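**Q** When you get a sec, could you give me coordinates for this:
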Amino acid sequence: MRRFQPKWFDEFKWLEYSMHTGAPYCFVCYLFKDSSKYPGGDAFVNEGFRNWNMKCRIRRHVGAINSAHNEDEEKYNLFMKPRTSIRESIGSNSADFKAKYLARLTWSLKCVRYLLRQGLAFRGHNEGKDSNNQGNFRELLAWLARNFEEVNMVVLENAPHNCQMIDHKIQKQLIATYAHETTKFIIEELGDE
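**A** Numbering: from 1, shown residues only. Model prediction:
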């Protein structure tokens, strides 16, 4: 009598056998099936596989690297990975991230302070990557990065793209911070006078 062979479990780790229906199913496709990818239904998902004499159809179910089964298996593997909470994930990276962020902020503030003391404009006409002169702020930061390895490690290309601290809005915020601190210092120095 032709029937399901238990040794198939060794070859096809994703197989699950139902004693109720007497047929094997694809466990990962059952859990993560996308109905649009199984247009007419799939024996390994809906009814169970019953063509015992055609083991090649089990391999055909797996299909190519971009098949629905392989996508579902990838989703299953990602689901089963031991995960840490968001807080733990952020916490493990936060010390290094904070140190780099602080260094990036420090160098940006040093550039701002230099330009403010010299009374120079911050931005240029064309700040694109292909521009010969990207403005005093970016040029000064790029000069520091080219000449000092400690600066180069945390700014421009070596900074996260969403935290480079070179955008004109960031420049305005840094200038406003300097203005606020300067005004605060003057008021404190004057006291009650």
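**Q** And Asn132, how close does it get to Arg138?
**A** Here the distance between Asn132 and Arg138 works out to 12 Å (C-beta to C-beta, to the nearest Å). Placement of C-beta: from N, CA and C, glycine included.
**Q** Give me the buried positions along the helix or strand harbouring Ala103.
**A** Assigned by DSSP states H and E, Ala103 falls within helix 86-118. By 16 or more other C-beta atoms under 10 Å, the buried positions in helix 86-118 come out as 100-101, 103-104, 107-108, 111-112, 115.
**Q** swap in stretch 144-161?
**A** 144-145, 151-152, 154-156, 159.
**Q** of those residues, the lowest pLDDT goes to which?
**A** Lowest pLDDT within these is found at Ala159 (77).
**Q** hang on, that residue packs against Met165?
**A** Yes: at 7.2 Å, Ala159 counts as touching Met165 under the criterion of C-beta atoms under 8 Å.
**Q** what are the phi and psi values for Trp14?
**A** phi -90, psi -10 (degrees, to the nearest 10).
**Q** List just the nearest of the buried residues of stretch 144-161 to Glu47.
**A** Ala159 (54.9 Å; C-beta to C-beta).
**Q** Which residue is the nearest non-sequential neighbour of the closest one?
**A** Sequence neighbours aside, Arg104 is the residue nearest to Ala159 in space, at 5.7 Å (criterion: C-beta to C-beta, 6 or more residues apart in numbering).
**Q** thought the one you found was touching Val155?
**A** Yes: under the contact definition of C-beta under 8 Å, Arg104 touches Val155, with a separation of 5.7 Å.
**Q** list residues touching both of the two?
**A** 164-165 (C-beta atoms under 8 Å, 6 or more residues apart in numbering).
**Q** Quick check: pLDDT value at the most centrally placed residue in the chain.
**A** By C-alpha atoms, centre = their mean, the chain has its centre lying nearest to Pro160, at 10.6 Å. Looking at Pro160, its pLDDT is 75.
**Q** Would you enumerate the residues in contact with it?
**A** Under the criterion of C-beta under 8 Å, 6+ apart, Pro160 has no neighbours.
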